[in-house]
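Engineer: heads up, no residue letters with this:
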């Protein structure tokens, strides 16, 4: 059965019908039922009646009828079997550890662990320790007022069964954490010995007590400090075979890193050069002529040029060779080529008739 509200069909249930109607016409939805008195009154008066009307309608049309008896998921075969298995596991656990026996020790029912004396004192004396701390707090902060009331209060860390198998591991100088060790092995050995079974403890203890090798890593799986990792390289190098690889008929090649080979030799102060180490280089070099063949001679151990015995070159030749003046300032600037070289300008220069070079007629006179 579907109820129509406006143009849309809503749920079959009478309760859903009432909720949808309230959601549409009342602000706040379901929360508005508890805040609005009229909505809450209608809800309380019509809740049972609408549910009864819905069930009677279904029964009248023969839909949704349940089988005889009460059907509940907790009474199914699968649920009953699972509950029975849980009960048997609990009974087996109690028989194994016998938690009801009289003993002076504190034992964990789930694991069978026995508390140490420190844990036993903290657990049994927790009430007295709490009273002592409370009295100290009142005396120091309220009566004597030696300490301010809102100052930090030091926490008293009482030992429990969680700290029974905790191992403090120092990661560095300022950081320490607690790691729980693997306790299943020793616990099984103790249970096996107490049950009367013949067990060789030496053989059982040959197994690893931790999932990581303690010589390399800590109990939490982290590598130890960097100072010990360098020693590992020398140990690994000793186990490497230094023999030559087997000869093969296949065509192979060998790649040698020349720079790495040079760096491996090292270079100390006053050491030999590369050519002295490896011999004369095979790369071609320029062979220059001696100084005597290029116009020089030694005089008292000092090289000096050989002077020529020819006549001095004329100024006109120097002017033709060096002067190419294109000055626009009439050759009065000291940066001009002719002035800087002490040469005269000729008609071939670009400076023109405005040239003020004092030697401007030297070339014309010689010509």
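Structural biologist: That came in fine, so what should we check first? What you see is a predicted model, and the numbers here were worked out from it, not measured in a lab.
Engineer: show residues contacting stretch 99-118.
Structural biologist: With contacts defined as CB atoms under 8 Å, 6 or more residues apart in numbering, stretch 99-118 is touched by 93-94, 96-97, 119-120, 123-124, 159, 161, 164-165, 183, 187, 191. C-beta here means a position set from N, CA and C on the backbone, and glycine is covered the same way.
Engineer: take the residues you listed and keep only those in helices.
Structural biologist: 93-94, 96-97, 119-120, 123-124, 187, 191 (DSSP state H).
Engineer: go through the residues you listed and say which is closest to residue 298.
Structural biologist: Residue 298 has its nearest neighbour among the ones in helices among the contacts of stretch 99-118 in residue 187, at 98.8 Å by CB to CB.
Engineer: gap between residue 255 and residue 121?
Structural biologist: Note on residue 255: its distance to residue 121, by CB to CB, to the nearest Å, is 71 Å.
Engineer: who has more neighbours, the two?
Structural biologist: For the pair residue 255 and residue 121, the greater number of neighbours falls to residue 121 (14 against 4), based on other CB atoms under 10 Å.
Engineer: distance of the more buried one relative to residue 102?
Structural biologist: For residue 121, the distance to residue 102 equals 20 Å [CB to CB].
Engineer: do the same with residue 76
Structural biologist: Here the criterion is CB to CB. By it, residue 76 lies 42 Å from residue 102.
Engineer: next: residue 142.
Structural biologist: Applying CB to CB to residue 142 and residue 102 gives a distance of 44 Å.
Engineer: where does the stretch 151-300 of the chain dip in pLDDT?
Structural biologist: The stretch 151-300 of the chain contains residues with pLDDT under 70 at 165-189, 192, 195-196, 199, 201, 204-221, 223-229, 242-245, 266-289.
Engineer: for residue 247, what are phi and psi?
Structural biologist: phi -70, psi 150 (degrees, to the nearest 10).
Engineer: any idea how many residues pack against it?
Structural biologist: 7.
Engineer: please apply the same query to the one 10 residues further on.
Structural biologist: Counted with other CB under 10 Å, residues neighbouring residue 257 total 9.
Engineer: report the contact partners of it.
Structural biologist: For residue 257, the contact set (CB under 8 Å, 6+ apart) is empty.
Engineer: could you redo the last one with a cut-off of 10 Å?
Structural biologist: Contacts for residue 257 (CB atoms under 10 Å, 6 or more residues apart in numbering) come out as 263-264.
Engineer: gap between it and residue 264?
Structural biologist: 10 Å.
Engineer: what about residue 234, is that helix, strand or coil?
Structural biologist: helix (DSSP: H, G, I helix; E, B strand; the rest coil).
Engineer: now for it, how many residues are close by?
Structural biologist: 8.
Engineer: and for residue 305?
Structural biologist: 10.
Engineer: over to residue 200?
Structural biologist: For residue 200, using other CB under 10 Å, the count is 8.
Engineer: ok, it to residue 191 distance?
Structural biologist: Counting by CB to CB, the gap from residue 200 to residue 191 is 15 Å.
Engineer: do the same with residue 293
Structural biologist: Residue 293 is 104 Å from residue 191, by CB to CB.
Engineer: those two: who's more crowded?
Structural biologist: residue 191 (14 against 8).
Engineer: how close does that one get to residue 110?
Structural biologist: Distance from residue 191 to residue 110, by CB to CB: 14 Å.
Engineer: can you show me the strands along this protein?
Structural biologist: Listed from the start of the chain, the chain has strands (DSSP state E) covering 4-5, 8-9, 166-170, 176-180, 296-299, 302-305.
Engineer: so who does residue 94 touch?
Structural biologist: With CB under 10 Å, 6+ apart, residue 94 has these contacts: 100, 109.
Engineer: count of neighbours near residue 163?
Structural biologist: The burial count for residue 163: 15, using other CB under 10 Å.
Engineer: neighbour count for residue 142 and residue 102, which is higher?
Structural biologist: Using other CB under 10 Å as the criterion, residue 142 and residue 102 rank with residue 142 on top: 10 against 4.
Engineer: please name the nearest non-neighbouring residue to that one.
Structural biologist: Counting by CB to CB, 6 or more residues apart in numbering, residue 142 lies nearest to residue 149, which is 7.3 Å off, once chain neighbours are set aside.
Engineer: weed out the non-buried ones from the contacts of stretch 99-118.
Structural biologist: 97, 119, 159, 161, 164-165 (16 or more other CB atoms under 10 Å).
Engineer: closest to residue 46 among those?
Structural biologist: residue 161 (55.8 Å).
Engineer: quick one: residues contacting that closest one.
Structural biologist: Residue 161 neighbours (CB under 10 Å, 6+ apart): 106-108, 110-111, 113-116, 119, 123.
Engineer: and with 6 Å instead?
Structural biologist: By CB atoms under 6 Å, 6 or more residues apart in numbering, the contact set of residue 161 is residue 108.
Engineer: ok, residue 295 next?
Structural biologist: By CB under 6 Å, 6+ apart, the neighbours of residue 295 are 305-306.
Engineer: relative to residue 305, how far out is it?
Structural biologist: As for residue 295, its distance to residue 305 is 6 Å (criterion: CB to CB).
Engineer: could I get the ones in helices among the contacts of stretch 99-118 as TSV with distance to residue 62?
Structural biologist: Compiled in TSV, the ones in helices among the contacts of stretch 99-118 are given as follows (distance: CB to CB, whole Å):
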residue	distance to residue 62
93	51
94	52
96	56
97	57
119	67
120	69
123	65
124	68
187	63
191	62
